[in-house]
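Trainee: Sequence and predicted structure are below.
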Amino acid sequence: MLDRQTQGADSNALIAKILAADETTRSELLARTATEVRVSILNTIIGPKMGHIGGDFSVADILTTLFFGVMKLDPDNPNWQERDRFILSKGHCSAALYSVLAMRGFFEIDLLKTFMAPLSALNGHPNRRKIPGVEANTGPLGHGLPIGVGCAIAARLAKADRRVFVVLGDGELQEGSNWEAAMAAGHRGLSNLVAIVDRNRLQQGAGTEDTNRLEPLADKWRSFGWEVHDVDGHDHRVLYDMLSQPGGSQPRCLVARTIKGKGVSFIENRVEWHHKVPSLEQVQLAHKELAV
């Protein structure tokens, strides 16, 4: 069992290796780490038999790239003033965030075994008062981007160079509060703000376009004054390039095309896996596929 300090040292060594590598090696290292994140997610949710594995898996490559390749963070000093801010607006995918935070050294990996247990710090939705590395309590959809806008404005007022990253679910964009926040960010030209849409096209119970059509999604963000890029949300090279680039004069949005349940064949692109936990037999099959 690794303690937090050992895990943190290991992650720092990995990050140094990632940042020093050429594009191909960096992408391979990030992909390997993302697979470890998916294994951790799987192991985390099978205990309580609760979780959102489909969305956890679709966002794993994005979170891995941010936490292991892009963001300025210090797990030993999680309240470091000049840290970059990360907000998981789709807070129901907390198992993915917790797995990344543990692997990054914010808390001991063994704590993941308490996920959703009574009185556990690892709630079904992240709580900033209970877990280091969590910047905002999220769960009710549509709250993360407004908080991110406030963080970006605060950084500008402080004349700080920290950046703010917000990951949103695509179904979440049916909440009007996101578009109020997008309008404010575009108006203020918050170039230190990056929104990443986990565009897996599935939400609870149906496809997004069957529920409340979002397309043309990229054009909608552009109309609010954002710099928009349509990207493959599982391509670590593209994600790293787009997320590590400093902002210009506008807030940046990545519409990240992803696959719900990415990495396990019987979960991929299946709407029922929005909120479902695999059986023990399915867990074994998933482990085999992820090992490959």
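Mentor: Now that the structure is in, tell me what you want to look at.
Trainee: Next, the contact list for the most centrally placed residue in the chain, please.
Mentor: For the chain, the residue nearest the mean C-alpha position is residue 63 (4.0 Å; CA atoms, centre = their mean). Residue 63 makes contact with 37, 88, 96, 97, 100, 167, according to CB atoms under 8 Å, 6 or more residues apart in numbering. C-beta: built from backbone N, CA, C; applies to glycine.
Trainee: Dump the helix or strand harbouring it to PDB, restricted to CA.
Mentor: Residue 63 is part of helix 53-65, with elements assigned from DSSP states H and E. Output of helix 53-65 as PDB, limited to C-alpha atoms (Å, rounded to 0.1, in the frame of the first residue of the first chain):
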ATOM      1  CA  ILE A  53     -19.000   4.600 -14.700                       C
ATOM      2  CA  GLY A  54     -20.000   5.600 -18.300                       C
ATOM      3  CA  GLY A  55     -19.200   9.300 -17.700                       C
ATOM      4  CA  ASP A  56     -16.300   8.500 -15.500                       C
ATOM      5  CA  PHE A  57     -14.600   6.600 -18.300                       C
ATOM      6  CA  SER A  58     -15.500   9.100 -21.000                       C
ATOM      7  CA  VAL A  59     -13.800  11.900 -19.100                       C
ATOM      8  CA  ALA A  60     -10.800  10.000 -17.800                       C
ATOM      9  CA  ASP A  61      -8.400  11.000 -20.600                       C
ATOM     10  CA  ILE A  62      -9.300  14.700 -20.100                       C
ATOM     11  CA  LEU A  63      -8.700  14.600 -16.400                       C
ATOM     12  CA  THR A  64      -5.500  12.700 -16.800                       C
ATOM     13  CA  THR A  65      -4.100  15.200 -19.300                       C
END
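Trainee: Narrow the contacts of residue 63 to those in helices?
Mentor: In helices, defined here by DSSP state H, the members of the contacts of residue 63 are 37, 96, 97, 100.
Trainee: Tell me the one of those nearest residue 124?
Mentor: Looking at the ones in helices among the contacts of residue 63 and their distance to residue 124, the nearest is residue 97, at 11.6 Å (CB to CB).
Trainee: Return the residues in contact with the closest one.
Mentor: 63, 88, 126, 134.
Trainee: Repeat that for residue 177.
Mentor: Here residue 177 is in contact with 142, 143, 145, 146 (CB under 8 Å, 6+ apart).
Trainee: returning to that earlier point: residue 262: which of the contacts of residue 97 is nearest?
Mentor: residue 63 (12.3 Å).
Trainee: follow-up on the earlier one: adding secondary structure and pLDDT, write the contacts of residue 177 out as a markdown table.
Mentor: What follows is those, written out as a markdown table (DSSP: H, G, I helix; E, B strand; the rest coil; pLDDT from 0 to 100):
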| residue | secondary structure | pLDDT |
| --- | --- | --- |
| 142 | coil | 95 |
| 143 | coil | 96 |
| 145 | helix | 98 |
| 146 | helix | 98 |
